[in-house]
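1. One predicted model, sequence on top.
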Amino acid sequence: MIEHLLSMDQLAASDITTILDTAESLFEVTHRPIKKLPTLRGRTVCNLFYEASTRTRISFELAAKRLSADVINFSADGKSAVAKGESFKDTAWTLEAMGVDAIIVRHGASGAPHQLARWVKASVINAGDGCHEHPTQALLDLFSIRRRFKDFEGLEVAIVGDVVNSRVARSNVKGLLAMGASVTLVGPPTLVPKSAAAWGAKIVHDLDEVIADVDICYLLRVQKERQSEQLFPSDREYAACWGLDSKRLHRMKPEALVMHPGPLNRGVEISAEASESERAIILDQVSNGLAVRMSLLYLMLGGRESGGGAEWS
Amino acid sequence: MVVSGHTEAIIDHSAPARLFAGARVIDPASGRDEIADVLVADGVVQALGPGLEAHGAEVIDLEGALLGPGLVDLHTHLREPGREDEEDIASASAAAAAGGYTALCAMPNTDPVADSAAVVEKVWARGHSVGLVEVVPAGALSRGLRGVEMADLGEMARGRARVRLFTDDGHGVQDALFARRAMEYLSGFDCIYAEHCEDASLARGGQMHEGERSMALGLRGISAEAEELMAARDIALARLTGCRLHLLHISTAGTVELVRRAKAEGVAVTAEATPHHFTLTDAALEGYDPNAKVNPPLRTERDRAAVIAGLADGTIDAIATDHAPHAVEEKEVELVLAPPGLVGLETALSLAVTELVEPGHLGWKELFERMAAAPARILGLTEHGRIAVGRPANLVVIDPQASWTVDPRAFLSRSRNTPFAGRRLRGRVLWTVYDGAVTFAAEPHEVPAWVPA
């Protein structure tokens, strides 16, 4: 299928289905008393994280370990080579020289995984790049949705919030549309600009216009630094206009779900009641991430010669 | 040709006379377009016309070639003083000669900034001693390019370097009152106020053109309006002050239209556009190639078409390279960290031939107008941009049919940052003659004037 996973653009619906089906069988494994498979024994996976991350890094680390891969974690913190001025490219070549088979990269710069993939022979998996994409988040979200709804066809999904700066939004829109769902982007025009219409999603500026009709209300994290950029006046106004409060929660269809990629800003994009309601599958998203990332590593590396480029499909 | 040691070239102006024979001679200044011979001796065009006698001169058969005035670049970053690891006046001069140029205008954003007579005169003198191309320094408008205090404009204009064009290129002048005062002051010296049109607040953090592509790639955009607002302001201020205004590297359909209207109205405005803006669009950023990051950014297909239309109808006076060398280690980084800019001296002419002449947007005469005659006029260079008997021989000879593949490793420029690597281009420089001396020759049996160290 693919050597690197940089963007959801690379995955057709059939590829996504393969990943989700494989995740489904691995999901069972993660619930056995002995949770380890020998598939990637002898392979080395590196977590290269230039941005602080807890859930994604741990999820990838655990996924690789459950498949018996050796895992190294490289965080660009104060003690690393990066702090000593090593360039991204030199770090990439250093990892390559150590013979890693896959590099899971999280980077604050959009496109960094694309550049990395041009520099190394190892498989590159994008674990979030700047404001661009976060494909494994989208895959675990699709997996979480499919476990509840079975079919994407006809599903109405609202993605609410800071779309312009969200890598989660970009990957999810692509994945959801590929699988046949309809997507509406909701937020003020400063966060949901007209140019997003090219993605094939509808754009609505009033959450109340759509909240009663959606099957899934997917809330994006409001990043604190955005307020200083004058994208909206205040957290309070944001919560009033685009936050999922109890009033909006109760207007949702009976079977409708609430999703969030975490970490939550309670009281801003989501109220405590909404995040703890039965509709919220936020913790399922986290635990499903493990199976999906195992699936991806299994499919991308399982059939490959170590350090080589053999196709798996 | 005598080539000295070190990196210095000494042009031998007493070189044997040469008869450039049988080329199609195109000179927009005089309107000439005919098969003719050009006799060059003692640095000067001695005779020009069909069927000249050689009288002992070396005859260079140029059947099938084009001979025009040497190209003049309005916009070159030489990086000397300050960043000689990226480029210096000698390497840029060699690159310019290889690209068919006989004169170039050196942008002032060096380190130290060319904001005083001492710095511009040093650049001018160094260009003169290298001797491969006429280096015409531009001066900074403001001290340190900070847009607050005027630089020594009069001293630069009246000094040995005779600076005529002033700009804070790299930044737009943000303060409208400063822009107004600088224009008023410069108008008294008959000098040109040249603007890098960019509203800093609108462009802040921008990596590429703002639009559907920047939105899809998750990169902060620079809107067309960031350029157009300042272009509109400057046109209004030029109207107010009567100062001559030159808009650097214009890139949007809106700016082209603003210039078109201002010219129709009689405002003293000129404009330039770069080969990358008439060749590429923001699609070049799809793979996050830092070599495609440039300021102003590559725009949309609609903007590209408007720039071409502006070059075709004369709204845009000149093609300028915005040659901006950057070290490999500065460009091989995350896109957001990479400085904007690309090298252009050695690809400009062939890009213009490939993108403008071949598709029929510009005739050859218009091409020489935009790349030689008009920029020479703007800079007040009376010895460039035209071919005339009794005047210094500043010429370029082109093989219009030759096609070649861009290989940055072969550049004479010290830097390699180009998005055009591997691109097949039409039209190649065969000879460049500066002040009567051959400064570049493509034929392998010819000794080039200068060999990079």
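-> Yep, it's here. Please read all numbers here as calculations on a predicted model, not as lab measurements.

2. before we move on, which element is B:I398 in?
-> Here B:I398, judged by DSSP states H and E, is contained in strand B:395-405.

3. now the angle from the next helix or strand after that strand to strand B:395-405?
-> Once strand B:395-405 ends, the next helix or strand along the chain (criterion: DSSP H and E) is strand B:424-434. Strand B:424-434 runs at 160 degrees relative to strand B:395-405, counting by axes from the mean of the first three to the mean of the last three Cα atoms, to 10 degrees.

4. Partner strands of strand B:424-434, with direction?
-> With DSSP bridges as the test, strand B:424-434 is paired with strand B:395-405 (antiparallel), strand B:437-441 (antiparallel).

5. from the chain's centre, how far out does the shortest one sit?
-> If I follow you right, that is strand B:437-441. Counting by Cα atoms, centre = their mean, to the nearest Å, strand B:437-441 is centred 19 Å from the centre of its parent chain.

6. what residues does chain B put near chain A?
-> B:210-212, B:214-220, B:287-288, B:329, B:332-337 (Cβ under 8 Å from any Cβ of the partner chain). Just so you know, the C-beta spots here come from the backbone N, C-alpha and C atoms, and that holds for glycine as well.

7. from these, which would you call buried?
-> B:210-212, B:214-220, B:288, B:332-336 (16 or more other Cβ atoms under 10 Å in any protein chain shown).

8. Looking at those, point me to the pair that's furthest apart.
-> The most widely separated members of these are B:E212 and B:E332, with 27.6 Å between them, by Cβ to Cβ.

9. Chain neighbours aside, what residue packs nearest to B:E332?
-> Nearest residue to B:E332 in three dimensions, chain neighbours excluded: A:K89, at 5.3 Å (Cβ to Cβ, 6 or more residues apart in numbering or on different chains).

10. The one you found belongs to a strand?
-> No - counting by DSSP: H, G, I helix; E, B strand; the rest coil, A:K89 is located in no strand; its state is helix.

11. Tell me how many other residues crowd the residue nearest to B:G341 when sequence neighbours are not counted.
-> Excluding the flanking residues, the one nearest B:G341 by Cβ to Cβ, 6+ apart is B:A324, at 2.8 Å. When counting by other Cβ atoms under 10 Å in any protein chain shown, one arrives at 26 neighbours for B:A324.

12. same question, A:G200
-> 12.

13. Tell me, what's the model's pLDDT at it?
-> Turning to A:G200, the model gives it a pLDDT of 96.

14. How about it: what's its closest non-neighbour residue?
-> A:L177 (5.4 Å).

15. For the host helix or strand of that neighbour, C-alpha coordinates in CSV please.
-> For A:L177, the enclosing helix or strand under DSSP H and E is helix A:167-178. Extracted as CSV, the C-alpha positions of helix A:167-178 are listed here (Å, rounded to 0.1, in the frame of the first residue of the first chain):
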residue,chain,number,x,y,z
ARG,A,167,-4.2,19.1,11.7
VAL,A,168,-6.9,16.9,13.2
ALA,A,169,-9.6,18.7,11.1
ARG,A,170,-7.7,18.3,7.9
SER,A,171,-7.1,14.6,8.3
ASN,A,172,-10.6,13.9,9.5
VAL,A,173,-12.3,15.7,6.7
LYS,A,174,-10.3,13.7,4.2
GLY,A,175,-10.9,10.4,5.9
LEU,A,176,-14.6,11.0,6.6
LEU,A,177,-15.3,12.2,3.0
ALA,A,178,-13.4,9.2,1.6
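
16. Go ahead and measure how far the following helix or strand past it is from the middle of the chain.
-> Once the chain leaves helix A:167-178, the next helix or strand it forms, by DSSP H and E, is strand A:182-186. Put simply, strand A:182-186 sits 17 Å off its chain's centre (Cα atoms, centre = their mean).

17. count of neighbours near residue 196?
-> You didn't pick a chain, so chain A it is. As a burial measure, A:A196 scores 24 neighbours (other Cβ under 10 Å).

18. try chain B instead
-> So B:H196, with other Cβ under 10 Å, has 23 neighbours.

19. Likewise for B:R32?
-> By other Cβ under 10 Å, neighbour count at B:R32 equals 18.

20. cool, A:K150 as well?
-> So A:K150, with other Cβ under 10 Å, has 9 neighbours.

21. Next: A:G85.
-> Neighbours around A:G85, by other Cβ under 10 Å: 7.

22. Can you give me the distance of it to B:E329?
-> 11 Å (Cβ to Cβ, to the nearest Å).

23. which residues are contacting the strand or helix carrying A:F27?
-> Assessed by DSSP H and E, A:F27 sits inside helix A:13-29. Residues outside helix A:13-29 that contact it (Cβ atoms under 8 Å, 6 or more residues apart in numbering or on different chains): A:1-2, A:11, A:35, A:37, A:66, A:139, A:142-143, A:146, A:175, A:178-180, A:288, A:291-292, A:294-296, A:298-299, A:313.

24. Quick check: buried residues in that helix?
-> Of the residues in helix A:13-29, those buried (16+ other Cβ under 10 Å) are A:D15, A:I16, A:T17, A:T18, A:I19, A:L20, A:T22, A:A23, A:L26, A:F27, A:V29.

25. what's the closest of those residues to A:V45?
-> A:L26 (15.7 Å).

26. Quick one: mean pLDDT for stretch A:232-247?
-> Stretch A:232-247 carries an average pLDDT of 95.

27. Just the CA atoms of that stretch, as CSV, please.
-> C-alpha atoms of stretch A:232-247 as CSV (Å, rounded to 0.1, in the frame of the first residue of the first chain):
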residue,chain,number,x,y,z
PHE,A,232,-12.2,35.5,18.5
PRO,A,233,-12.8,37.9,21.4
SER,A,234,-12.7,35.6,24.5
ASP,A,235,-13.0,32.1,25.8
ARG,A,236,-16.4,33.1,27.2
GLU,A,237,-17.7,34.3,23.9
TYR,A,238,-16.3,31.2,22.2
ALA,A,239,-18.1,28.9,24.7
ALA,A,240,-21.4,30.8,24.2
CYS,A,241,-21.3,30.6,20.4
TRP,A,242,-19.5,27.4,19.6
GLY,A,243,-19.1,25.5,22.8
LEU,A,244,-21.0,22.3,23.4
ASP,A,245,-22.9,23.2,26.5
SER,A,246,-25.8,21.2,28.1
LYS,A,247,-28.4,23.1,26.2
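
28. Show me which residues of it are buried.
-> Buried residues in stretch A:232-247, counted by 16+ other Cβ under 10 Å: A:F232, A:D235, A:Y238, A:A239, A:C241, A:W242, A:G243, A:L244, A:D245.

29. Show me where chain A has its helices.
-> Under the criterion DSSP state H, chain A contains helices at A:13-29, A:55-66, A:88-97, A:112-119, A:135-149, A:167-178, A:207-210, A:235-242, A:246-251, A:272-276, A:282-301.

30. Which ones among the buried ones among the residues of chain B next to chain A map onto helices?
-> Using DSSP H to define helices, the subset of these located there is B:E212, B:S214, B:M215, B:A216, B:L217.

31. nearest residue to the first one other than its sequence neighbours?
-> What that stands for is B:E212. B:E212 sits nearest to A:A198 (Cβ to Cβ, 6+ apart), 4.2 Å away.

32. wait, what's in contact with the one you found?
-> Contacts of A:A198 (Cβ under 8 Å, 6+ apart): B:E212, B:M215, B:A216.

33. Please apply the same query to B:T167.
-> B:M107, B:P108, B:A138, B:G139, B:A140, B:L141, B:Y193, B:A194, B:E195, B:H196, B:H246, B:L248.

34. hang on, the earlier thing: burial count for the residue nearest to A:G200?
-> 18.

35. cool, the one 4 residues further on as well?
-> Look at A:A181: counted by other Cβ under 10 Å, it has 23 neighbours.

36. Bridge partners for the nearest residue to B:P297 once chain neighbours are set aside, pull those for me.
-> Leaving aside its chain neighbours, B:P297 sits nearest to B:H209 (4.3 Å; criterion: Cβ to Cβ, 6+ apart). Beta bridges link B:H209 to B:I222, judged by DSSP bridges.

37. middle-most residue in the chain, spatially?
-> By default, I'm working from chain A. A:Q137 (1.6 Å; Cα atoms, centre = their mean).

38. actually chain B
-> Chain B, centroid-nearest residue using Cα atoms, centre = their mean: B:D73 at 2.6 Å.
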